[in-house]
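Enquirer: Starting from these lines, generate the structure:
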Amino acid sequence: MSTKKKTPPDLHWLYEASVQNVDTDLDIGKRIYTKHWKRKPLTVREDFCGTAKLAAQWVKRSKLHTAWGIDFHQPTLDWGVKYNISNLSEEQISRLHLICGDVLKAETPKIDLAFALNFSFCVFKQREVLRTYFKRVYESLNDEGLFVMDIYGGTESVTAKNDDVREIPGFTTPEGLKISDFEYLWEQAEYNPITHETVCHIHFKVPGYGTINKAFTYDWRLWTLPELREILLEAGFSKAEVYLH
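Expert: The predicted model follows:
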């Protein structure tokens with residue numbers, strides 16, 4: 001006698017709960033922006049936005065806020081529209097603009113604050129391509145503009161390894177599906193010390209659903225801080241600061 005395996009919960013929910021903290025990201029960006037320009041940013045651009053959770057949260061914060069989100073994967077944008085944007089008011093939605101396209105080509109009005117989070121720009125493995133992307137961001141900024149990125153590093157990042165398992169608090173989806181506290185594991189499965197190319201996976205272990213191996217896979221080049229700072233300056237930025245966490 002066999003039992004049918006339960007269909008795992010939507011991976012987008014597990015990802016958002018494990019990886020994203022958009023309020024913290026927005027607070028950091030706003031704080032650094034205000035430090036440099038002595039005013040509050042009003043317009044935000046979220047590159048590689050996925051479900052556009054950060055952009056949606058930005059327009060919720062103030063009637064003066066406008067946001068753009070760019071991602072090349074329409075199904076992920078559609079999921080974000082259903083769950084992160086449909087609960088906004090009509091007025092808030094009018095200030096949120098989503099673009100399904102390539103961040104190397106997409107056009108937006110000039111904005112104050114751009115984000116490229118969760119190491120997404122590491123998809124660009126060639127220096128000239130990454131510099132082109134940084135130039136595109138630079139050209140999208142107002143004269144008083146700021147670009148916020150994140151990256152991981154250190155001695156443990158340049159080897160194949162598993163991070164410690166993190167327990168993620170459970171939640172209930174809008175459809176009423178209750179997810180108990182679950183486990184998140186980041187695996188750097190492959191690492192090439194010559195090219196800094198790496199293949200990483202996200203695994204989940206969800207009570208009642210078992211282990212979800214390779215829920216997400218990333219094929220990247222892990223750029224170093226000195227490289228990123230050099231390329232940002234080459235792309236036109238006047239300063240490239242590092243904030244350690």
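
Enquirer: so where do the strands sit in this protein?
Expert: Using DSSP state E, the strands of the chain run over residues 43-47, 66-71, 96-100, 111-116, 141-149, 161-162, 166-168, 171-172, 178-179, 182-191, 197-206, 210-221.

Enquirer: and the last one with strand 182-191, angle?
Expert: Computed by axes from the mean of the first three to the mean of the last three Cα atoms, to 10 degrees, the angle separating strand 210-221 from strand 182-191 equals 40 degrees.

Enquirer: Neighbouring strands of strand 210-221 in the sheet, and parallel or not?
Expert: strand 197-206 (antiparallel) (DSSP bridges).

Enquirer: and the partner strand, average pLDDT?
Expert: Strand 197-206 carries an average pLDDT of 97.

Enquirer: same check, this time on stretch 75-90
Expert: On average, stretch 75-90 scores 97.

Enquirer: mind saving the C-alpha coords of it as CSV?
Expert: Taking C-alpha atoms only, stretch 75-90 is exported to CSV below (Å, rounded to 0.1, in the frame of the first residue of the first chain):
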residue,chain,number,x,y,z
PRO,A,75,5.5,33.9,-14.0
THR,A,76,7.4,35.2,-10.9
LEU,A,77,6.2,38.7,-11.5
ASP,A,78,2.6,37.3,-11.9
TRP,A,79,2.9,35.6,-8.5
GLY,A,80,4.0,38.9,-7.0
VAL,A,81,1.1,40.7,-8.6
LYS,A,82,-1.3,38.1,-7.1
TYR,A,83,0.1,38.1,-3.6
ASN,A,84,2.2,41.2,-3.0
ILE,A,85,0.4,43.8,-5.1
SER,A,86,-3.2,42.8,-5.3
ASN,A,87,-3.7,43.7,-1.7
LEU,A,88,-2.5,47.3,-2.3
SER,A,89,-5.0,50.1,-2.8
GLU,A,90,-5.7,51.3,-6.3
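
Enquirer: Tell me how many other residues crowd the residue lying closest to Ala67 once chain neighbours are set aside.
Expert: Leaving aside its chain neighbours, Ala67 sits nearest to Ala55 (3.9 Å; criterion: Cβ to Cβ, 6 or more residues apart in numbering). Glycine gets a C-beta too; all of them are placed from N, C-alpha and C. If you count neighbours by other Cβ atoms under 10 Å, Ala55 ends up with 29.

Enquirer: Ala55 contacts Val44, correct?
Expert: Yes: contact criterion Cβ atoms under 8 Å: Ala55 and Val44 qualify, at 6.5 Å.

Enquirer: Quickly list what's touching both of the two.
Expert: Between them, Ala55 and Val44 share these contacting residues under Cβ atoms under 8 Å, 6 or more residues apart in numbering: Ala67, Trp68.

Enquirer: returning to that earlier point: tell me the contacts of the residue nearest to Ala67?
Expert: So, once contact is read as Cβ under 8 Å, 6+ apart, Ala55 ends up touching Val44, Glu46, Cys49, Ala67, Trp68, Gly69, Leu96, Leu98.
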